[in-house]
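>>> Okay, sequence plus prediction incoming.
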Amino acid sequence: MNITSRPVGLFYGWFVVAAAFAITFIGFGSAYTFSAFLVPLQAEFGASRGSVSLVFSLAGFLYFGLGVLSGPLADRWGSRSLAVVGMVLVGLGLALAGMARSLTEVYIAYGFGIGLGVGLSYVPVLGTIQRWFIRRRGFASGIAVSGIGVGTLAMPLLAALLIESFGWRGAYFGLGGLAVAVGAGMALLIVNNPRDRGLEPDGDPVQVGGQFQPLKGFAVAAAIKSSRFIGLYVACLFCSFGVFVPFVHLVPYAMDHGVVPNVAVYLLAVIGFGSTAGRFLLGGVADRFGRRLTLLAMYVGMAFAMTIWLIASDPWLLMVFALIYGVFYGGWVALLPAVVMDYFGGRNVGSLIGILYTSVAFGTLIGPSAAGFAYDLSQSYTLPILASVCANIIAVVVFAGTSRELHARDQ
């Protein structure tokens, strides 16, 4: 007869979730302030909207693309040290961007600081969350990545206040200090695996005298050749061409339609509010009704929201778009890591999430900057918004086809 011992007090997995929340809050919150800086950077350096947008695209390409390296490193060495270094790099990159004397220097400082910093921390902490939870994996992942939503809600407003008070350079210095103090400090709470603390996932009782079984899951080579992974990858690739366009261009779009800057930046906060709600609520819904079908609904929802943006010109309709888009975008981000864990197991989850996010990296590199250059040519955002709608529709078709086939095969 096995004797079990039940951990006393709050399950440590929730401290890991809190650390992941703080890291995503700081990392992505800092990145998504960029729309508030776009017009000041244009004015400072006399640059086109497309060339300034490329700053964000380069950073996004790096922080999503670097997961292909940081994920395997975290699987081998753990996530804590990578997350600490990443948050320090975010702070340093923001501070150096505040000292930049040319747009090229902003590319280097912001692109590499935010890009490398978030890239070293994001995928590793998401992979860690998947190991700490089984039954409540979607909910825990939703809380962890809701830091992105809360960061999108709070950080652009903070950036706008800092820009108004201290100018864009002073704002970057302030955000950099916050990144190091909060982000790196909270990263120290991360523990890579519940077994490192003698615990089981979800806080289940530990078998006294028993031995932990090795983590199960696919080998990386086998996983990435599977129809499941290919379907996920292609759907994410198409979706990502449009998914980050609002984070760069919604504020200048609103200003082009007569919305004053201080009100326009609130649209990012509305996306953040909707995103936070989506991450908290839809992760739990997916745990109950199925993460595969819920992820499909996220692609449909983002396509629908983009059609609203296509016809929106007044502040209220723009806020409706921002709220709806935020909910479905937030759910998409929350569900991707959990679906990877569901499909392929925990043995190489960090590596597989990192490889999957290279699709998001390529989409982020192309989408926001292409939207900016399209605006420079036509003085309109109609074409890039319409392209974003079409990209999400393609993602729906790809993911629906592969998931339907796989569901039938699994029966």
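Received it, and whenever you're ready, just let me know what you need.

>>> hey, let's count contacts and neighbours off CA atoms from now on
Noted.

>>> which element follows the worst-scoring helix or strand of the chain on mean pLDDT toward the C-terminus?
Lowest mean confidence among the helices and strands of the chain (mean pLDDT, DSSP states H and E): strand 4-5, at a mean of 50. Remark: after strand 4-5, the chain's next helix or strand is helix 13-31, criterion DSSP states H and E.

>>> What mean pLDDT does that following helix get?
In this model, helix 13-31 has a mean pLDDT of 92.

>>> And that helix, what's buried?
13-14, 16-31 (16 or more other C-alpha atoms under 10 Å).

>>> same deal with stretch 290-298?
Those would be 291-292, 294-298, for stretch 290-298 by 16+ other C-alpha under 10 Å.

>>> can you redo those residues as a markdown table with distance to V398 and secondary structure?
Converted to a markdown table, those look like this (distance: C-alpha to C-alpha, whole Å; DSSP: H, G, I helix; E, B strand; the rest coil):
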| residue | distance to V398 | secondary structure |
| --- | --- | --- |
| R291 | 16 | helix |
| R292 | 13 | helix |
| T294 | 15 | helix |
| L295 | 12 | helix |
| L296 | 10 | helix |
| A297 | 13 | helix |
| M298 | 13 | helix |
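
>>> For S165, state which of those residues is nearest.
M298 (38.3 Å; C-alpha to C-alpha).

>>> hang on, isn't the closest one packed against V333?
No. If you go by C-alpha atoms under 8 Å, M298 and V333 don't touch, sitting 9.3 Å apart.

>>> And the strands in the stretch 201-350 of the chain?
In the stretch 201-350 of the chain, the segments counted as strands under DSSP state E, counting those that start in this stretch are 206-207.

>>> which residues of it fall in helices?
220-224, 227-243, 245-256, 261-289, 291-311, 315-344, 349-378 (DSSP state H, counting those that start in this stretch).

>>> looking at the ones you listed, which is closest to G98?
So among the helices of the stretch 201-350 of the chain, helix 245-256 is nearest, using C-alpha to C-alpha, at 18.7 Å.

>>> just checking, what packs against the closest one?
helix 34-45, helix 261-289, helix 349-378 (3 or more C-alpha pairs under 8 Å, 6 or more residues apart in numbering; DSSP states H and E).

>>> Mean pLDDT lowest where, among those?
Looking at the helices and strands packed on helix 245-256, the bottom one is helix 261-289 with a mean of 81.

>>> ok and that one relative to helix 34-45, angle-wise?
150 degrees (axes from the mean of the first three to the mean of the last three C-alpha atoms, to 10 degrees).

>>> Distance to G86 added to the helices of the stretch 201-350 of the chain, as TSV?
Below are the helices of the stretch 201-350 of the chain laid out as TSV (distance: least, C-alpha to C-alpha, whole Å):
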stretch	distance to G86
helix 220-224	25
helix 227-243	23
helix 245-256	22
helix 261-289	23
helix 291-311	29
helix 315-344	20
helix 349-378	15
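
>>> give me the number of residues near the closest residue to I308 other than its chain neighbours?
In space, and not counting its chain neighbours, I308 is closest to F321: 5.8 Å by C-alpha to C-alpha, 6 or more residues apart in numbering. Using other C-alpha atoms under 10 Å, F321 has 24 neighbouring residues.

>>> Just the pLDDT for F321.
For F321, pLDDT reads 96.

>>> wouldn't it be in contact with F304 here?
No. Between F321 and F304 there is no contact under C-alpha under 8 Å: 9.3 Å.

>>> hang on, L189 in a helix?
No. Counting by DSSP: H, G, I helix; E, B strand; the rest coil, L189 is not part of a helix but coil.

>>> for it, what are its contacts?
L189 makes contact with 15-16, 19, 80, according to C-alpha atoms under 8 Å, 6 or more residues apart in numbering.

>>> Other residues contacting stretch 351-363?
60-72, 75, 123, 127, 220, 223-224, 229, 232-234, 236-242, 337, 340.

>>> related to what we said a few turns ago, now pLDDT and distance to S359 too, for the buried residues of stretch 290-298, in a markdown table please.
What follows is the buried residues of stretch 290-298, written out as a markdown table (pLDDT from 0 to 100; distance: C-alpha to C-alpha, whole Å):
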| residue | pLDDT | distance to S359 |
| --- | --- | --- |
| R291 | 80 | 20 |
| R292 | 81 | 19 |
| T294 | 88 | 20 |
| L295 | 89 | 16 |
| L296 | 88 | 17 |
| A297 | 90 | 19 |
| M298 | 92 | 17 |
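
>>> nearest to L199, of these?
R291 (25.7 Å).

>>> thinking that closest one is in contact with L335, fair?
Yes. Contact between R291 and L335 holds when scored by C-alpha under 8 Å: they sit 6.8 Å apart.

>>> which residue packs closest to V260, ignoring adjacent ones?
V260's closest residue in space is A254 (C-alpha to C-alpha, 6+ apart), at 8.0 Å.

>>> any idea how far P124 is from T364?
20 Å (C-alpha to C-alpha, to the nearest Å).

>>> just so I know, which of the helices of the stretch 201-350 of the chain lies nearest V118?
helix 349-378 (12.3 Å).

>>> what is the orientation angle of that closest one with helix 227-243?
30 degrees.

>>> next SSE after helix 349-378?
That would be, after helix 349-378 and using DSSP H and E, helix 382-410.

>>> helices or strands up against that next one?
helix 227-243, helix 291-311, helix 349-378.

>>> between those, which one is nearest to G115?
Per C-alpha to C-alpha, nearest to G115 of those: helix 349-378, 10.4 Å.

>>> Tell me where the stretch 201-350 of the chain is predicted with low confidence.
205-216, 283, 346 (pLDDT under 70).

>>> residues near L94, how many?
Neighbours of L94 (other C-alpha under 10 Å): 28.

>>> correct me, but I129 touches V16?
Yes. Counting by C-alpha under 8 Å, V16 is a contact partner of I129 at 7.1 Å.
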